[in-house]
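# just a sequence and a predicted model for now, questions to come.
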Amino acid sequence: NGVGLEVLGGSNYTVKNNIFANNGGGYASVFKETLNGVYDYNNYYSTKQKLVRIGGIDYTDINSFQTAIGQEANSLAKNPFYTSDSLLQANQVLLNDAAQSGTGITTDIDLTTRETTPDFGAMEYTPCAQDAGVNEFVGLVNPLSVGSQTIKVELQNQGTNPLSSVIIHWEVNGVAQESFSWSGSLAYKANELVSVGTYTFAGGESYKLKAWTESPNGGLDCNQYNDTTKAFDLATPMCGIYTIGGAEPDFTNFTDAAIALNNAGITCPVIFEVRDGVYDEQIKLYEIKGSSEVNTITFRGESRDSSLVQLHYSTS
């Protein structure tokens, strides 16, 4: 539920050359009302594509955001690939030498001299020579369709040398899939949509996907911070009876079931049979797509003894 930038009012702001990133799935930015001031050369990123919320309206892609506000013509929506949660050094080549010059800011947060054309964000970044990575999964949105789908990723040449070959690994829910060997020609800062394989999504399931690169141009990758992308909290719609907890369940806990409900919804009445046990967790259920007086959602103890199932949240 965190927000990278929140503007609750005021006007005449100048907001340029920033990175507003939310790696926890929340919004990159939230504005109470229409943007007042000058906004451009900013990078918005959310792991759940919650780029911007303005006056209660969500924008999940940079193009619709730019069209709606008539600003941010030079802005991007790319993973900055921070070095860590505490070291906000971007490792995304598309943000290098891409910000606006002449703003009067001559040094970065570490007092490093800004280049003639500065980088997005608070720290200057210098790409290395032989570097590749995956920016994002493309085309996977909630709710996922049941059945076989082609898995596509955006391959990025993160290095200054042309990229001619690379191995793309990927996995679904921690299970490795067949790697894809790519060959072609990508210039500095260029990227390409690559189909790495297919996967069959089952109904009423939640999914986490991961993809990463190895051996660019058959050699070592000089920067591993920008190799990997993830997609999580994806799910297919549910219908019927599912189990929670115990041996070989449909959902390990209430949290996983709530993720599937919130992100994918239901297509018929759904019953969760909860195995006996103590579930130490905290969940939130929002308006579930497809639910109604007919399409109800029921949580009940599988043994029909409610005293044997406990859901509570322990805090310090």
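Received the coordinates, thanks. Residues are numbered from 1 along each chain as shown.
# C-alpha from now on. contacts and neighbour counts both.
OK.
# scan this structure for its longest helix.
The single longest helix within the chain, with elements called by DSSP state H, is helix 254-264.
# now Ile283: how far from Gly2?
Distance, Ile283 to Gly2, using Cα to Cα, to the nearest Å: 17 Å.
# next one: Phe180
As for Phe180, its distance to Gly2 is 36 Å (criterion: Cα to Cα).
# looking at those two, which has the bigger crowd around it?
Set side by side, Phe180 and Gly2 show more neighbours around Phe180, with 16 against 13, by other Cα atoms under 10 Å.
# so what's that one bridging to?
Each beta-bridge partner of Phe180 is listed here, defined by DSSP bridges: Ile168.
# which residues sit in contact with the nearest residue to Asn74 once chain neighbours are set aside?
The shortest distance from Asn74 to any non-neighbouring residue, by Cα to Cα, 6 or more residues apart in numbering, is to Tyr41 (5.0 Å). The neighbourhood of Tyr41, defined by Cα atoms under 8 Å, 6 or more residues apart in numbering, consists of 16-18, 72-76, 98-100, 120.
# which one (most neighbours) among those residues?
When neighbours are counted as other Cα under 10 Å, the busiest of these turns out to be Phe120, with 27 neighbours.
# what strand or helix carries that one?
Phe120 belongs to no helix or strand when elements are defined using DSSP states H and E.
# once you drop chain neighbours, what's closest to Tyr13?
Once its chain neighbours are removed from consideration, Tyr13 has its nearest residue in Gly37; the separation is 4.5 Å (Cα to Cα, 6+ apart).
# what's the pLDDT at the one you found?
Note for Gly37: predicted pLDDT of 86.
# distance check, it against Val7.
If you go by Cα to Cα, the gap between Gly37 and Val7 works out to 12 Å.
# between the two, which one's more packed in?
For Gly37 versus Val7, neighbours defined as other Cα under 10 Å are more numerous around Val7 (15 against 12).
# next, give phi and psi for the residue most central in space within the chain.
The central residue of the chain, meaning the one whose C-alpha is nearest the mean C-alpha position (Cα atoms, centre = their mean), is Thr47 at 2.0 Å. In this entry, Thr47 is assigned phi and psi values of phi -70, psi -10 (degrees, to the nearest 10).
# can you pull the contacts of it?
Residues in contact with Thr47 (Cα under 8 Å, 6+ apart) are 22-26, 231.
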